[in-house]
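Undergrad: Sequence first, then the predicted structure, then my questions.
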Amino acid sequence: SYSFCTLLVKMDERHAWGTAVLAVSIGVYGATVHPSVAGGDAGELATVAHGLGVAHPPGYPTLTMLTWLGERVGAAVMPTADLGLLQNLFHAMMSGVANTFLYYCSTELTNSIPSGLISAAIFGFAPIVWTYSTHIEVFSLNNLLITLLELLCVLYYKHRTMPIVYFGAFISGLSLTNQHTSVLYVAPFILWVAGWEYKRLLNIKRILVLGVCFALGMAPYLYLVWSAMFMVNANSWGACSTWDGFLTHFFRKEYGTFSLASQESNYKVQNFKRAWIYYLWDTKNQTLQVLWVFAVLAIILSLAHLRRLRVAPDTIFAITLALYLNFFNYLCNLPIDRPLFYGVQQRFWIQPLSLVAIFVGKGITDTVSFVCKASPRVSTVLLYGVAACVTMLQAGLHYREMDQSENYIVHDFGKAILTPLPKDSIVLTKGDLMINSARYVQAMHGVRPDVRIIDQEMMTYDWYIASLKQAYPDVRFPGSYYYPNRRGAYDIAMFYAANKKRRIFLAHGFKDGDHSWEGKYTVVPFGIIHEMVTEKAKKHANNEEVAEILARDTQCRACTRRLLASTTREVRRPHMGTGGEKRLLDGLPQRRIHFARLGKQGGRA
């Protein structure tokens, strides 16, 4: 304790506060982190990182490799901890580093430590940022890289040295290996630096060095090719071992390169104004309802210098914010008025929130300094007081809602799907919650490795079938991909007939549009999912086998009790990540009751 205090005294005051921001951020995130898998894409990203596979487009290679490394280091330090917890703690640490970078950026921009503290508190403890800092997701790393780029812009403006430019080129390339939305920051930042350095950049050698630095930042994409060629993983996406498959994955062609979802959902023009309204409402909620006013004030003041050819960092930040929001809200092709899709869109407002937080800190600092310009000491004391109040309010108001430290809902849900199934079953899932929860507990905890988990939506891709044939050689696929009424493809009835010697289960029903099963097959309840059986066999179908398993398997009964107990408590939205998953769980209690009753009485579910 004495040594730590001595170190703080010797440190520069600015760095001492930066250390405090880092410690508080990691401490708060660590105390509220998910103990296991969360909702949304967390289950997929966790299993892909654990097995060094390829995530959904554009692949997130840097995230995958860093998470794998963080998990291994964490396992060496805490060998008995849940692997999902170790991954979540690693991402909480990255979010803490991102808050620290934002603190330094705001402090350097305004030459005011309280401004940095306010910005870090607004951003770090904003509900949407906090939500995705308590479990594995792409946003923690994106926040780290984006805030580092913002800091490098301010440092470059102060020092004008080429090493900062070279390092910025590397980080720019690295940021594009995680989130393609980074390009909306990278492009204006590059043009801004070029405006300052156009004379020095006329040198061919410097241009080549910048190109090499940027290419090194993009180099992690080579991991996608390596993983596709050498790792057999049923949870991987894409066919990145071929040039065409790599480009398809990189440019997100299966979703639509400039879209959040597939091109079938074309809401862009109609949704632009609505997206802006939702964004403004969300920003108000993220900034304690009123502090956004100071951000608007700071943005207006920064744009006053727009006529200059070489503008300051705050001006380029304001231009970047406007570019990002207009571009991204226009490209939004989701029905944002629905809670599920609003949650998807809301996640991409985290990136501009970092700039809003900087402007909030700057606006408050400028306002207090102007009001108390006759007494700088009073101004300083008042700013530190405001920073303390903002931090306590932002953290205190949201702590209980953000606390996920006892949330095992998704983990227990995946376990309840798999545990009672007969040996060598096939589970056909539909929806992110089903597939991600089930494959997480199987890959990370070894739950029922004999069960074959196959996603109906992903079966529509031929590369997925090719991957499954390697991972599941015992499963037969009667076509190159799943698509009803299309030549060379197969439907659910054909798949059942090809695997009729195995029991097939449906988690969340049949895929929409496939009617091949009607009149031939039906489903009977089996725990919290359904078994697909022939119409003839329906009258004889019962759940005696699952009753026997539940009666003798203490672990499964304990899993069921935890699942039932967790659903009797209030389910908070941040737990599940999306409104759709919450609604899905809300529809399951009746089946869960049957599941528990089955374990006690051995009757029909």
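TA: Structure's in. What do you need? Residues are numbered from 1 along each chain as shown.

Undergrad: Verify the contact between Leu433 and His411 for me.
TA: No - with contact defined as C-beta atoms under 8 Å, Leu433 does not count as touching His411 (11.9 Å). Every C-beta, even on glycine, is put in place using the N, C-alpha and C of the backbone.

Undergrad: Who are the contact partners of Tyr384?
TA: Ile113, Pro114, Leu117 (C-beta atoms under 8 Å, 6 or more residues apart in numbering).

Undergrad: how about the strands in the protein?
TA: Taking DSSP state E, the strands of the chain run over residues 426-429, 452-455, 504-507, 521-526, 529-534.

Undergrad: Which among those is found nearest to Leu83?
TA: strand 452-455 (18.0 Å; C-beta to C-beta).

Undergrad: can you count the residues close to Lys205?
TA: 7 (other C-beta atoms under 10 Å).

Undergrad: Could you measure from it over to Tyr166?
TA: 12 Å (C-beta to C-beta, to the nearest Å).

Undergrad: Ala92 too?
TA: For Ala92 relative to Tyr166 (C-beta to C-beta), the value is 30 Å.

Undergrad: Comparing those two, which residue is more hemmed in?
TA: Applying other C-beta under 10 Å to Ala92 and Tyr166 shows that Ala92 carries more neighbours, namely 25 against 16.

Undergrad: Enumerate every residue touching the more buried one.
TA: Ile26, Tyr29, Gly30, Val33, Ser133, Thr134, Ser140 are the contacts of Ala92 under C-beta under 8 Å, 6+ apart.

Undergrad: tally of neighbours for the nearest residue to it once chain neighbours are set aside?
TA: Leaving out its chain neighbours, the residue that sits closest to Ala92 by C-beta to C-beta, 6 or more residues apart in numbering is Tyr29, at 3.7 Å. Counted with other C-beta under 10 Å, the neighbours of Tyr29 add up to 26.

Undergrad: next one: Ala98
TA: Neighbour count for Ala98, taken as other C-beta under 10 Å: 27.

Undergrad: Is it in contact with Phe139, as I believe?
TA: No - with contacts counted by C-beta under 8 Å, Ala98 stays clear of Phe139, the gap being 9.3 Å.

Undergrad: where's Ala275 relative to Gly343, distance?
TA: For Ala275, the distance to Gly343 - C-beta to C-beta - is 14 Å.

Undergrad: now do Ala75
TA: For Ala75, the distance to Gly343 - C-beta to C-beta - is 32 Å.

Undergrad: Which of these two has more residues huddled nearby?
TA: Under the criterion of other C-beta under 10 Å, the comparison of Ala75 against Gly343 puts Gly343 first, with 24 against 13.

Undergrad: Look up how far Ile336 lies from the more buried one.
TA: Relative to Ile336, and taking C-beta to C-beta, Gly343 is found at 10 Å.

Undergrad: Let's see the pLDDT reported for Gly519.
TA: Listed pLDDT for Gly519 reads 88.

Undergrad: Please disregard the earlier target; I meant His575.
TA: At His575, pLDDT is 37.

Undergrad: For burial, what's the neighbour tally of the nearest residue to Phe294 once chain neighbours are set aside?
TA: Spatial nearest neighbour of Phe294, excluding adjacent residues (C-beta to C-beta, 6+ apart): Gly363 at 3.0 Å. Gly363 is flanked by 25 other residues according to other C-beta under 10 Å.

Undergrad: do the same with the one 10 residues further on
TA: Other residues lying near Lys373 total 10 when counted by other C-beta under 10 Å.

Undergrad: Name all residues that make contact with Ser241.
TA: Ser241 sits next to Val225, Ala228, Met229 when contact means C-beta under 8 Å, 6+ apart.

Undergrad: will you turn those into CSV that also has distance to Leu86 and pLDDT?
TA: Formatted as CSV, those follow (distance: C-beta to C-beta, whole Å; pLDDT from 0 to 100):
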residue, distance to Leu86, pLDDT
Val225, 27, 96
Ala228, 26, 94
Met229, 28, 94
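
Undergrad: For His159, state which of these is nearest.
TA: Proximity of those to His159 (C-beta to C-beta) peaks at Val225, which lies at 38.0 Å.

Undergrad: I figured the closest one hits Cys240, correct?
TA: Yes - here Val225 reaches Cys240: they are 5.5 Å apart, a contact under C-beta under 8 Å.

Undergrad: If you count surrounding residues, which of those two has more?
TA: Neighbours per residue, other C-beta under 10 Å: of Val225 and Cys240, the larger number sits with Cys240, 27 against 17.

Undergrad: confidence score at the more buried one?
TA: 94.

Undergrad: Could you do Leu340 as well?
TA: Looking at Leu340, its pLDDT stands at 81.

Undergrad: same thing with the one 10 residues further on?
TA: Taken from the predicted model, the pLDDT recorded for Ile350 is 96.

Undergrad: what does the one 10 residues further on give?
TA: pLDDT, Val360: 98.

Undergrad: Please apply the same query to the one 3 residues further on.
TA: According to the prediction, Gly363 has pLDDT 97.

Undergrad: Pull the contacting residues for Met162.
TA: Glu197, Arg200, Arg206.

Undergrad: now swap in Val410 and tell me
TA: Contacts of Val410 (C-beta under 8 Å, 6+ apart): Ser36, Val37, Ala38, Gly39, Ala42, Gly43, Leu433, Asn436, Ser437, Tyr440, Met576.

Undergrad: Let me have these in TSV, extended by neighbour count.
TA: Listed next are the contacts of Val410 as TSV, based on neighbours: other C-beta atoms under 10 Å:
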residue	neighbour count
Ser36	27
Val37	35
Ala38	33
Gly39	28
Ala42	27
Gly43	31
Leu433	26
Asn436	26
Ser437	29
Tyr440	29
Met576	22
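
Undergrad: Let me know the closest of those to Gln351.
TA: Nearest to Gln351 among the contacts of Val410, with distances taken as C-beta to C-beta, is Ala42, at 19.1 Å.

Undergrad: gap between the closest one and Leu421?
TA: Distance from Ala42 to Leu421, by C-beta to C-beta: 23 Å.

Undergrad: Next: Val24.
TA: Taking C-beta to C-beta, one finds Val24 at 45 Å from Leu421.

Undergrad: next one: Lys273
TA: With C-beta to C-beta as the criterion, Lys273 and Leu421 are 48 Å apart.

Undergrad: cool, Asp491 as well?
TA: Counting by C-beta to C-beta - Asp491 and Leu421 are separated by 23 Å.

Undergrad: which residues touch Phe170?
TA: Applying C-beta under 8 Å, 6+ apart, the residues near Phe170 are Cys213, Phe214, Leu216, Gly217.

Undergrad: again with Val368
TA: Going by C-beta under 8 Å, 6+ apart, the list of residues near Val368 reads Ser379, Leu382, Leu383, Val386.
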